[in-house]
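In: give me a model of this one.
(2 chains)
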Amino acid sequence: MLDFAEDEKTVQLRKQLRGLIAESIPKDYLGAFTDDPNDHEIAKEFCRLLGENRLFALTWPTEWGGSAAGPWEQTALREEMWAFHEPRGPQYMGLNWIGPVIMRYGTRDQQERFLPPIARGEVDWCQGFSEPEAGSDLPALRTRATKVDGGWRIDGQKVWTSYAGMASWCFLLARTGTQESRKDGISVFLIEMDQPGIEVRPIPAMIGPHHINEVYFEGAFVKDDNLLGDVNEGWKIINEVLALERIGIARYARCERLLADAPAAMGELWQELPDSLVQRWATALMASRRTKLMAYSVVAAQEQGKLDPADASAYRIAGTLLDQEVAEVLMDIVGGWGLGTGDHAETFMRAVEDHWRYAQAATVSSGTVEMNRIALGRRMVAK
Amino acid sequence: MNNTVSEEATELGQAVGEAIDAAGGVDLAREFERDPAARGDVVEGLLGPLGIWEIAPREDQVQLEAAAEACRAAGGRLLMYPIAERLARPDGKDAILLVPTTGRRVAVHADLDLNWAAATLRGDAARLTRRGPLIGEKLAKFVAEIDTEIDEDLPQENVELVITLQSWWLLGVLERALADTVLYTNERQQFGRRIITFQGTQFRLSDVVVAVQGLSELAKYTLWSIAHHGRSTALVDAVALRVSALQAADTVLRAGHQLHGAMGFADETNISQYSRHSQGYRRLPEGETRSELILAELISRNGWTSLFPIAAGAARRDAVRV
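Out: Here you go, the predicted model:
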């Protein structure tokens, strides 16, 4: 029988999270990725706070510092964090997919070294996937790992690497087989960023500082015991990462929050809006709910071990397009205020402006909308 | 969280589908086009023995889900009969009709001689003062002229239920249209290939899948909402579902026509039937734009439930602006 009520544990978790956010996060906070270094500090402090309350790695086993919570609490955590401008900063990556694959493919030593600091909210990771000639076609990657005494030498270039300038560790894909071996010649390395052979160059971009960077590897070194899984066996790990990433961000949650805030935030201006715009606002509320329910159906299928990856793609298509649709509606609502206020008091206007800029990347990052359409389309071709 | 309807509801949906299939499935719509007066008796003979009119959707959630699955199965065979309107009947009536507040006064299935209650999409009660004959044209084979008197201060019982069940009927139509289009594009060959192997076709179909899956999840939520929330919330949610159904109908049937090519316009293809006969429900009692405006009006007045709820009256606006 249908039941969309939240269980009591999840209701209490939301209350607790909103309480912590209210106490620790300034009202005008728009995420860790701004020009203000204090914003990154706020995120780091908040992660430690979540870690102390065993809320950071909520669904991880207690052995690794988690609380062994279920998928619905995890969903609520994702929603609350994204709705409030991801106060965990870049650390959601370590939690959502880097930690889980280390749990699954890492050696005992790797698990003991890497998992507890992630669970305590102490470490920023970045993800070294895309390269200039390997975007959606990831198996074309060229960054090379060459065997040397005691480890591997890394040479090559990554690009669009989010948070590389902040991260102390990188989840790096490198070629260990021939170029022609494509998927069968890739390995995963856990590499320290603070070393002479690695240079990070930020790419100034409309989505904001720290979001995209180039990372150059020239004789960088990674120890043997930081190879994750077996040599040339990285692709199955990548597939798992991409599947976890597809569900990762609860974009609809920020859409719901900003749309719901609009009438009060606009004050008298709300009365001035044309009916046609309020009509779009109402329709966007419906679309946000619909996308949230698609996310829930993916979580439910995952919980039952019956998730078809094409359905995750369908949700991701809906979620990323929603983000852009809502961004357009909100920008239209705030009008000229959306071009920048120069005033930190106008939190809503700034949040809308930030949302619009970030939403432009929604259909590109973590797997383009086209790649998801390909995945969904293929399912319909009869064998 | 459970997004699966009860087994009883699923079983009833299957039984309804099998009964309609045994009588010709979508061909029944063609038969009713030729002889619309036959639909009452034929449908009574098909669904009556299943005990469908004994379902009381307001009694409990299992019966509500059963009513919804029956509508979805009927939509999936394009059963041109007011199954949603009859299942949502208020006490003492045979069925409930949704009527327009502006433009031409017409309604789907209003020709049938039933003891009708009537209401607007805003939830106001209406009285049916005249029921005319069917218009009978290509897009209105089952649409009849009516006259009504609307009482704006009197809420009509079960209006959210009929809006929701009609959307479940539309969901059935759209799921079937998607399935038929996938089948057709897997069979049709051009340039020596099945047309589904072209990326352009797959991309178009993937948008259709997203629209149908989204509608399906929202339909289930809305059903649960009307079982668990008061009337003002349930009405907003039902109208939101209708808006989603109308948007999805546009996406699914437009793609269905396009991917069937010229064949899709021929009456012999089912996509043509889905497209023509769903028009009544897509345009009446209010079309997509008016339904969206009414949704905005209802949210402004009654609020909206979400992770960040909007309280009743919090988004209220004093006057219409253009």
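In: what is the burial count for B:D153?
Out: 6 (other C-beta atoms under 10 Å in any protein chain shown). C-beta here means a position set from N, CA and C on the backbone, and glycine is covered the same way.
In: er, A:E63 I mean
Out: Quick note: A:E63 (other C-beta under 10 Å) scores 12 neighbours.
In: what score does it have for pLDDT?
Out: We have a pLDDT of 92 for A:E63.
In: and it, that one's in a helix?
Out: Yes: assessed with DSSP: H, G, I helix; E, B strand; the rest coil, A:E63 lies in a helix.
In: spatially nearest residue to A:R54 (excluding sequence neighbours)?
Out: Ranked by C-beta to C-beta, 6 or more residues apart in numbering or on different chains and with sequence neighbours excluded, the top spatial neighbour of A:R54 is A:S67, at 4.7 Å.
In: would you map the helices across the stretch 101-250 of chain B?
Out: B:159-187, B:199-228, B:231-260 (DSSP state H, counting those that start in this stretch).
In: want to throw these into TSV with distance to B:T102?
Out: Listed next are the helices of the stretch 101-250 of chain B as TSV, based on distance: least, C-beta to C-beta, whole Å:
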stretch	distance to B:T102
helix B:159-187	17
helix B:199-228	25
helix B:231-260	16
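In: switch those over to CSV; also include mean pLDDT, mean neighbour count and distance to B:R317.
Out: Output for those, formatted as CSV (pLDDT from 0 to 100; neighbours: other C-beta atoms under 10 Å in any protein chain shown; distance: least, C-beta to C-beta, whole Å):
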stretch, mean pLDDT, mean neighbour count, distance to B:R317
helix B:159-187, 98, 24, 23
helix B:199-228, 98, 22, 24
helix B:231-260, 97, 23, 15
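In: in chain B, where is pLDDT below threshold?
Out: B:319-322 (pLDDT under 70).
In: in it, which residue sits nearest chain A?
Out: In chain B, no residue comes nearer to chain A than B:Q202, which is 2.6 Å away by C-beta to the nearest C-beta.
In: isn't that residue right up against A:M380?
Out: Yes: taking contacts as C-beta atoms under 8 Å, B:Q202 lies within contact range of A:M380: 6.9 Å.
In: can you tell me the element A:V200 falls in?
Out: If you go by DSSP states H and E, A:V200 is part of strand A:198-202.
In: helices or strands next to that strand in the packing?
Out: strand A:213-223 (3 or more C-beta pairs under 8 Å, 6 or more residues apart in numbering or on different chains; DSSP states H and E).
In: direction included, what does the strand it packs on pair against?
Out: Note on strand A:213-223: by DSSP bridges, its sheet partners are strand A:151-159 (antiparallel), strand A:198-202 (antiparallel).
In: mind putting the ones you listed into JSON lines with mean neighbour count and mean pLDDT?
Out: Shown next, in JSON lines, are those (neighbours: other C-beta atoms under 10 Å in any protein chain shown; pLDDT from 0 to 100):
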{"stretch": "strand A:151-159", "mean neighbour count": "20", "mean pLDDT": "97"}
{"stretch": "strand A:198-202", "mean neighbour count": "16", "mean pLDDT": "95"}
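In: dump those into TSV; add distance to A:I249 as well.
Out: What follows is the strands paired with strand A:213-223, written out as TSV (distance: least, C-beta to C-beta, whole Å):
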stretch	distance to A:I249
strand A:151-159	21
strand A:198-202	22
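In: quick one, what contacts the residue of chain B closest to chain A?
Out: A:R373, A:I374, A:L376, A:G377, A:R378, A:M380, A:V381, B:I196 (C-beta atoms under 8 Å, 6 or more residues apart in numbering or on different chains).
In: same check, this time on A:V326
Out: A:C255, A:L258, A:L259, A:A284, A:A287, A:S288, A:H355, A:A359.
In: what does A:E122 give?
Out: By C-beta under 8 Å, 6+ apart, the residues touching A:E122 are A:C47, A:R48, A:G51.
In: in chain A, what residue is nearest chain B?
Out: Nearest to chain B in chain A, going by C-beta to the nearest C-beta, is A:G377, at a distance of 2.6 Å.
In: can you tell me the closest non-neighbouring residue to that residue?
Out: B:Q202 (2.6 Å).
In: what is in contact with B:Q202 and A:M380 at once?
Out: B:I196.
In: contacting residues for B:A118?
Out: By C-beta under 8 Å, 6+ apart, B:A118 lies in contact with B:I96, B:L97, B:L98, B:V99, B:A125, B:A126, B:R127, B:L128, B:T148, B:Q156.
In: so the fifth one touches B:P155, yeah?
Out: This means B:A125. Yes: counting by C-beta under 8 Å, B:A125 touches B:P155, with 6.7 Å between them.
In: which parts of stretch A:215-235 are buried?
Out: Across stretch A:215-235, burial judged by 16 or more other C-beta atoms under 10 Å in any protein chain shown covers A:215-217, A:220-222, A:226-229, A:232-235.
In: so what's the gap between it and the chain middle?
Out: In terms of C-alpha atoms, centre = their mean, to the nearest Å, the centre of stretch A:215-235 is set 23 Å apart from its chain centre.
In: can you tell me the distance between the two ends of that stretch?
Out: From its first residue to its last, stretch A:215-235 covers 21 Å (C-alpha to C-alpha, to the nearest Å).
In: list the contacts for residue 103?
Out: With no chain named, the answer covers chain A. Counting by C-beta under 8 Å, 6+ apart, A:M103 has contacts A:W60, A:P61, A:W64, A:Q111, A:L115.
In: with A:V200 instead?
Out: A:V200 touches A:T161, A:A164, A:G165, A:M193, A:N213, A:E214, A:V215, A:Y216, counting by C-beta under 8 Å, 6+ apart.
In: who has more neighbours out of B:A125 and B:P155?
Out: B:A125 (19 against 15).
In: skipping its backbone neighbours, what lies nearest A:K44 in space?
Out: That would be A:G89: by C-beta to C-beta, 6+ apart, it lies 6.7 Å from A:K44.
In: over to B:A15?
Out: In space, B:A15 is closest to B:L50, 5.4 Å off (C-beta to C-beta, 6+ apart).
In: residues touching the one you found, list them.
Out: Contacts of B:L50 by C-beta under 8 Å, 6+ apart are B:L12, B:A15, B:V16, B:A19.
In: can you give me the strands in the stretch 51-200 of chain B?
Out: B:95-98, B:106-108, B:116-119, B:124-134, B:143-155, B:189-190, B:193-194 (DSSP state E, counting those that start in this stretch).
In: packing partners for the fourth one?
Out: Put plainly, it is strand B:124-134. Applying 3+ C-beta pairs under 8 Å, 6+ apart, we find strand B:124-134 packed against strand B:116-119, strand B:143-155.
In: just checking: what are the partner strands of the first one?
Out: The one in question is strand B:116-119. Assessed with DSSP bridges, strand B:116-119 is paired to strand B:95-98 (parallel), strand B:124-134 (antiparallel).
In: show residues contacting the first one.
Out: Contacts with strand B:95-98, where a contact means C-beta under 8 Å, 6+ apart, come from B:82, B:85-86, B:88-90, B:107, B:109-110, B:112, B:114-121, B:128, B:146, B:156, B:158-159, B:161-163, B:166, B:284-285.
In: quickly list the domain ranges of chain A.
Out: Taking automatic domain parsing as the domain assignment, the ranges for chain A are A:8-123, A:126-238, A:250-379.
In: any chance of these in CSV, plus distance to B:A29?
Out: Formatted as CSV, these follow (distance: least, C-beta to C-beta, whole Å):
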stretch, distance to B:A29
domain A:8-123, 42
domain A:126-238, 44
domain A:250-379, 29
